[in-house]
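K.L.:
this one's sequence-less:
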């Protein structure tokens with residue numbers, strides 16, 4: 001029963017925070033810290049990723065189908081010599097910008113000199129250590145980005161009567177792609193929140209920036225599930241089936257409604273609750289971490305750090 005309860009809690013946290021701009025990695029790290037969970041199952045993490053993947057595929061099924069169709073037509077035009085960059089419709093433009101936005105992900109696999117690790121390895125290191133200090137500062141960074149995006153969106157409306165560009169450009173795609181890489185390294189820096197904010201700061205309208213952020217996250221979720229799945233197979237993990245399925249289904253259901261909620265809040269420019277929430281949680285995490293380091297124990301479990 002304890003395993004199922006933990007699976008439900010982590011499924012709720014993963015499903016809600018993967019899409020709401022509050023950081024899934026940061027919240028999972030905080031929850032695991034408070035529950036005293038030191039090493040989570042890699043296979044369980046894979047199932048949580050699959051649950052959130054199902055949520056975004058269902059919520060964006062119409063757009064994803066349009067992009068698949070646009071890909072087929074784009075390939076046809078490329079092979080027949082009829083492709084013209086200036087004549088791309090919205091779906092083809094989005095598809096090309098998504099491909100460009102994914103290119104920076106390869107930066108995560110660059111080796112860091114003198115450490116014997118890749119850039120992405122630091123995400124695992126910081127997300128599983130005994131401190132939540134980095135999570136706190138990263139959540140504060142999320143709050144600042146969202147606040148800046150909120151004021152940028154308001155200034156666009158006041159200044160020109162419009163809410164920004166409906167299409168991404170090359171620079172937009174690269175900026176958002178690099179931001180996604182940075183968010184993948186620092187637990188607490190929301191991937192959806194930071195990529196949404198950067199798109200809006202570059203003058204893209206709220207809905208276009210949100211759709212781009214969500215669809216861009218699909219390959220990232222698949223890649224994370226794939227890499228952890230490979231590691232789980234190498235580790236020959238043995239886990240209980242019921243908690244796995246409960247966690248996956250919980251993440252999928254909660255994730256679907258989180259997407260719906262965020263789309264409504266973004267369309268009506270209601271980002272301030274997320275600004276306040278990430279700031280409060282970030283500051284709390286910093287204070288708790290500093291107190292724990294001074295006391296030498298985990299304040300929630302009493303276990304020595």
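P.N.:
It's in. Small disclaimer: the values here were computed from a predicted structure and weren't measured.
K.L.:
distance from the chain centre to the helix-or-strand element of the chain with minimal mean pLDDT, please.
P.N.:
In the chain, no helix or strand scores lower on mean pLDDT, DSSP states H and E than helix 121-128, which sits at a mean of 77. Taking C-alpha atoms, centre = their mean, to the nearest Å, one finds helix 121-128 lying 15 Å from the centre of the chain it belongs to.
K.L.:
next, the buried residues of it.
P.N.:
The neighbour-count check on helix 121-128 (16 or more other C-beta atoms under 10 Å) flags 121-123, 126-127 as buried. C-beta coordinates here come from the backbone N, C-alpha and C atoms, glycine included.
K.L.:
cool, and stretch 268-275?
P.N.:
271, 274-275.
K.L.:
one more: stretch 257-268?
P.N.:
Buried, per 16+ other C-beta under 10 Å, within stretch 257-268: 258-259, 262-263, 265-266.
K.L.:
in helices, which of those fall?
P.N.:
Taking DSSP state H, the ones among those that sit in helices are 258-259, 262-263, 265-266.
K.L.:
nearest to residue 142 among the residues you listed?
P.N.:
Nearest to residue 142 among these: residue 262, at 13.8 Å, using C-beta to C-beta.
K.L.:
so how far is whatever helix or strand residue 232 lives in off the chain centroid?
P.N.:
Take DSSP states H and E as the rule and residue 232 turns out to sit in helix 206-235. Distance of helix 206-235 from the chain centroid (C-alpha atoms, centre = their mean) equals 8 Å.
K.L.:
and stretch 116-133, by the same measure?
P.N.:
17 Å.
K.L.:
end-to-end on it?
P.N.:
Terminal residues of stretch 116-133 are spaced 24 Å apart (C-alpha to C-alpha, to the nearest Å).
K.L.:
can you list contacts of that stretch?
P.N.:
By C-beta atoms under 8 Å, 6 or more residues apart in numbering, the residues outside stretch 116-133 that reach it are 25, 28-30, 33, 38-39, 107-112, 134-135, 181, 184-187, 285-286, 288-290, 292-293, 298, 305.
K.L.:
would you state the helices of the stretch 1-150 of the chain in chain order?
P.N.:
2-19, 24-35, 42-59, 61-80, 90-102, 121-128, 133-160 (DSSP state H, counting those that start in this stretch).
K.L.:
can you list the low-confidence ranges for the protein?
P.N.:
37-42, 156-164, 235, 237-239 (pLDDT under 70).
K.L.:
count of residues packed around residue 277?
P.N.:
17 (other C-beta atoms under 10 Å).
K.L.:
for it, identify the helix or strand it belongs to.
P.N.:
Here residue 277 is assigned to helix 272-295, by DSSP H and E.
K.L.:
quick one: that helix to helix 24-35, angle?
P.N.:
Orientation check (axes from the mean of the first three to the mean of the last three C-alpha atoms, to 10 degrees): helix 272-295 against helix 24-35 gives 40 degrees.
K.L.:
in helix 272-295, what's buried?
P.N.:
274-275, 277-279, 281-282, 285-286, 288-289, 292.
K.L.:
and if you look at stretch 240-257?
P.N.:
243-244, 246-256.
K.L.:
and if you look at stretch 166-174?
P.N.:
So for stretch 166-174, counting by 16+ other C-beta under 10 Å, buried means 168, 172-174.
K.L.:
show me these that map onto strands.
P.N.:
Nothing among those maps onto strands, per DSSP state E.
K.L.:
from the residues you listed, which is closest to residue 92?
P.N.:
residue 168 (11.8 Å).
K.L.:
list the contacts for the closest residue in space to that closest one that isn't next to it in sequence?
P.N.:
Counting by C-beta to C-beta, 6 or more residues apart in numbering, residue 97 is the residue found nearest to residue 168 once chain neighbours are left out, at 4.1 Å. When contacts are counted by C-beta under 8 Å, 6+ apart, residue 97 touches 167-170, 172-173, 212.
K.L.:
on that earlier part again, can you put the buried residues of stretch 268-275 in JSON lines and add distance to residue 102?
P.N.:
Formatted as JSON lines, the buried residues of stretch 268-275 follow (distance: C-beta to C-beta, whole Å):
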{"residue": "271", "distance to residue 102": "25"}
{"residue": "274", "distance to residue 102": "25"}
{"residue": "275", "distance to residue 102": "28"}
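K.L.:
closest one of the buried residues of stretch 166-174 to residue 199?
P.N.:
Once C-beta to C-beta is applied, the member of the buried residues of stretch 166-174 that ends up nearest residue 199 is residue 172, at 6.3 Å.
K.L.:
count of residues packed around residue 56?
P.N.:
22.
K.L.:
what of residue 205?
P.N.:
Neighbour tally, residue 205, other C-beta under 10 Å: 20.
K.L.:
ok, back up a step: so how do I select the buried members of the contacts of stretch 116-133 in ChimeraX?
P.N.:
In ChimeraX, this line selects whichever of the contacts of stretch 116-133 come out buried by 16+ other C-beta under 10 Å:
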select :25,28,29,30,33,107,108,134,135,181,184,185,186,187,285,286,288,289,292,298
